[in-house]
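Peer 1: just a sequence and a predicted model for now, questions to come.
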Amino acid sequence: MCSGSGTAECARAVLQKTINESGLVDWDMDIRTVCQWEYEPKCWPVLRDMHDWGMGVLGRSERSPCLFGDIMDLNPSSVLHGASSYATKKRRVLESRMPIWCVCLAHHAPDDPYPLCAIPEKLDSGCSGLPCQDMSRAGLRMMSAGRTAPVYMTHAKFVLQKKIPLLTVECTPDLDMDMMYDLHSDRYQWYRLVTGPADVGHRALARQRVYCIGAHTELTTRLHDPTEVLNAVSARMKHTVQTRVSDYLCASDYEVLLEAQQVAIRRKVPFKPRCLDLRYLLTS
């Protein structure tokens, strides 16, 4: 849910190919995306492209997953009418009925009179990049009182009713874990993993994220501690490769200096025409 640009599907395809060609296991990894939800229309063609790219990586062809739009369509249209408090919204959403069909943007044309696909009955796992606006400082950290809280409630309703064994929720490190625990009651054990690009070798980037793994208490068994696995992978990657800022620069020296000149003008800093050390442009 909230599939964004399909980065989870990309990672899955590469991981699947790597494991299956490694010769280290006597089984094949075969995880398939059957449905996606994404509110932003700009992301829809990207998701289709990512599916095709993943099939190219795996060297096979599969039917594209159903692409549904707004996750809030899983609720009756009037579910939040007149509801102002978190408790009221939570009760109404979690107790509301869920449709068995949704408008599918992948398998039906816009003018199709019956553009519906069935929501799968059984799902083994879910990966969701839920909204971060109300969790971040830029969004005033409204948390459960924010306007995106019903999205989290709807996600919880879906996974609880479908009894999905394993979940991954991606967000900012400020994710309201109290709300996550409250919405899923005691049916899920949560593991909160904070990670950044450096953990997978991209030291020159800085964008911390939190990945919350939810394991259904009745349907899953923990074989390894996820935090220990992350630490082991991170240590291995940091030992193997660590990028530098220059690894991401593909512009010519002339183009870099043109950009530096524009920055110098905006910041009212004397421009140094032949200096590629741009630290003098940094703000204090």
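Peer 2: Happy to help now that I have it. Numbers count the residues shown, from 1 in each chain.

Peer 1: rest of the way, CA atoms for contacts and neighbours
Peer 2: Noted.

Peer 1: okay, now the domains of this protein?
Peer 2: 7-185, 250-281 (automatic domain parsing).

Peer 1: highest mean neighbour count out of the ones you listed?
Peer 2: Burial of the domains of the chain is given as mean neighbour count (mean count of other CA atoms under 10 Å); domain 7-185 ranks first at a mean of 16.

Peer 1: for that one, how far is the first residue from the last?
Peer 2: End-to-end distance of domain 7-185: 29 Å, with CA to CA, to the nearest Å as the criterion.

Peer 1: now do the helices in the stretch 151-284 of the chain.
Peer 2: With helices called from DSSP state H, counting those that start in this stretch, the stretch 151-284 of the chain shows them at 177-184, 226-240, 253-267.

Peer 1: out of those helices, nearest to residue 96?
Peer 2: Closest of these to residue 96 is helix 177-184, at 14.1 Å (criterion: CA to CA).

Peer 1: hey, C-alpha coordinates of that closest one in CSV?
Peer 2: Only the C-alpha atoms of helix 177-184 are listed here, as CSV (Å, rounded to 0.1, in the frame of the first residue of the first chain):
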residue,chain,number,x,y,z
MET,A,177,4.9,4.0,17.2
ASP,A,178,2.2,4.4,19.9
MET,A,179,-0.3,4.8,17.2
MET,A,180,1.0,1.7,15.4
TYR,A,181,0.8,-0.4,18.6
ASP,A,182,-2.7,1.0,19.3
LEU,A,183,-4.1,0.3,15.8
HIS,A,184,-2.8,-3.3,15.6
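
Peer 1: how about a markdown table for the helices of the stretch 151-284 of the chain, with mean pLDDT added?
Peer 2: As requested, the helices of the stretch 151-284 of the chain are exported to a markdown table (pLDDT from 0 to 100):
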| stretch | mean pLDDT |
| --- | --- |
| helix 177-184 | 96 |
| helix 226-240 | 95 |
| helix 253-267 | 94 |
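
Peer 1: which among those is found nearest to residue 212?
Peer 2: The closest of these to residue 212 is helix 177-184. By CA to CA, the value is 9.0 Å.

Peer 1: in TSV: the domains of the chain, plus distance to residue 195.
Peer 2: Formatted as TSV, the domains of the chain follow (distance: least, CA to CA, whole Å):
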stretch	distance to residue 195
domain 7-185	9
domain 250-281	27
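
Peer 1: I'd guessed residue 167 sits against residue 215; true?
Peer 2: Yes - using CA atoms under 8 Å, residue 167 is in contact with residue 215, at 6.5 Å.

Peer 1: for the stretch 51-200 of the chain, give me the ranges with low pLDDT.
Peer 2: For the stretch 51-200 of the chain, the stretches with pLDDT under 70 are 139.

Peer 1: any idea which of the helices of the stretch 151-284 of the chain gets closest to residue 276?
Peer 2: helix 253-267 (7.1 Å).

Peer 1: mind listing residues that contact that closest one?
Peer 2: With contact meaning CA atoms under 8 Å, 6 or more residues apart in numbering, helix 253-267 is reached by 270-271, 273-276, 278, 281.

Peer 1: go again using 6 Å as the cut-off
Peer 2: The list of residues contacting helix 253-267 from outside it, by CA atoms under 6 Å, 6 or more residues apart in numbering, reads residue 271.

Peer 1: equivalent analysis for stretch 138-148, please.
Peer 2: Contacting residues not belonging to stretch 138-148 are listed as 133-135 [CA under 6 Å, 6+ apart].

Peer 1: for those residues, which one is nearest residue 91?
Peer 2: Residue 91 has its nearest neighbour among the contacts of stretch 138-148 in residue 134, at 20.3 Å by CA to CA.

Peer 1: ok, that closest one - contacts?
Peer 2: 141-143, 146.

Peer 1: residue 174 versus that one, what's the distance?
Peer 2: From residue 134 over to residue 174 the distance is 9 Å, taken as CA to CA.
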